[in-house]
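S.K.: Test case, fold it:
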Amino acid sequence: MKIIGVIPARIGSTRLREKVLAPIAGKPMIEHVWERVRQAKKLDEVIVACDDKRIVECIQAAGGKAVMTNPDHPNGSSRVAEIARNHQADVFINIQGDEPTISSESIDQLAEAFRREPSIQVATLAVRRSEAEDYENPNVVKVICDAKGNALYFSRSPIPYYRDVDEGSKIFLKHLGIYGYQKDFLLKYVTWNPGTLEACEKLEQLRILEQGYSIRVIETLHDSWSVDTAQDLEFVESKIKTFLKQSCS
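M.R.: All right, here's what the predicted structure looks like:
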C-alpha cells in the first residue's frame, strides 16, 4: 500500500495574513509543518500543494517537494484531491498547512490504520483532553464515537453533555485536523455539495457523515494546535521554542 502525505497550503487567509509564511522560531510556519511530516516513517512521499511560488521556493530550499495547484480550490480537501488525480497511491493523508506542532508519530498512527484495516475509507485523529476551557471553546472541535471507533458526530459544542459529573471530571475527545482518505473515496467526496450540518457547524467532515459514510477516529497521545490568529501564532511559537530547548538540553 502506497501512502502519500499532502500538505495543502494557500497564501490567502482571513484572520492572519499569509499565515503559512508567518515566521515561527526563525522559520516560516509551512516549513515547520513540512519538517514534522517528513519525519513520519509510514509515508512513501510528502508533497506540499500550494498556490503561491513563495511557498514552493520555501519548501524547495528546505529540500522538499512542492507543487503549484489551482488557486481557486474551495478547501484543503479539494487541493489534496488535485494531487491525488495526478499521483498513483492508495491513500492520501491531508495534513493542514497551519498545524506546525503536528506529531510525526500521530501521522504514522493514521497511516498504519489503513495498512492494518484496508476497508477504512476515511480516518482522522483525536486526543483525549479534560480542560474545561477547551471543552467549552467553540474553536476546539469535539468528536464522539461508537463502540467500533467510528465518529458519531463532530461539534463545536461541548459533547458529550455531562449531566451529573463534576466540572473537573469531564473527559472529551478533541478532534485534530488531519485526515486520511482512500484515493477513490477522496475523489468522490470532493464532488458532494455541503450538507445542512456542515453549514450549521462549519465543519467539512460532517458532509461525510451526512452522506452515510463512516469516519474512523484514531486516538493519539499527541495534541496539536492550529494557527488561525496572531494569538495562536504566539502560543504555538512558545510551544515550539520550549520543544527546541528541551531537545538541545
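
S.K.: Could you export the longest helix along the chain as PDB, CA atoms only?
M.R.: Criterion DSSP state H: the longest helix present in the chain is helix 230-248. Extracted in PDB, the C-alpha atoms of helix 230-248 (Å, rounded to 0.1, in the frame of the first residue of the first chain):
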ATOM      1  CA  ALA A 230      -1.900  36.200  15.900                       C
ATOM      2  CA  GLN A 231      -2.600  34.900  19.400                       C
ATOM      3  CA  ASP A 232      -2.500  31.300  18.100                       C
ATOM      4  CA  LEU A 233       0.800  32.100  16.400                       C
ATOM      5  CA  GLU A 234       2.300  33.400  19.600                       C
ATOM      6  CA  PHE A 235       1.100  30.400  21.600                       C
ATOM      7  CA  VAL A 236       2.400  27.900  19.100                       C
ATOM      8  CA  GLU A 237       5.800  29.700  18.900                       C
ATOM      9  CA  SER A 238       6.100  29.300  22.700                       C
ATOM     10  CA  LYS A 239       5.400  25.600  22.400                       C
ATOM     11  CA  ILE A 240       8.000  25.100  19.600                       C
ATOM     12  CA  LYS A 241      10.600  27.100  21.400                       C
ATOM     13  CA  THR A 242      10.100  25.100  24.500                       C
ATOM     14  CA  PHE A 243      10.400  21.900  22.500                       C
ATOM     15  CA  LEU A 244      13.600  23.100  20.800                       C
ATOM     16  CA  LYS A 245      15.200  24.000  24.200                       C
ATOM     17  CA  GLN A 246      14.300  20.500  25.600                       C
ATOM     18  CA  SER A 247      15.800  18.800  22.600                       C
ATOM     19  CA  CYS A 248      19.000  20.700  22.900                       C
END
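
S.K.: Just the buried positions in the helix or strand of the chain with the lowest mean pLDDT, please.
M.R.: Least confident helix or strand, the chain: helix 230-248 with a mean of 82, by mean pLDDT, DSSP states H and E. Buried residues in helix 230-248, counting neighbours by 16 or more other Cβ atoms under 10 Å, are found at 232, 233, 236, 237, 239, 240. Glycine gets a C-beta too; all of them are placed from N, C-alpha and C.

S.K.: right, and the last one touches residue 100 too?
M.R.: Yes - distance between residue 240 and residue 100: 6.6 Å, which falls inside the contact criterion (Cβ atoms under 8 Å).
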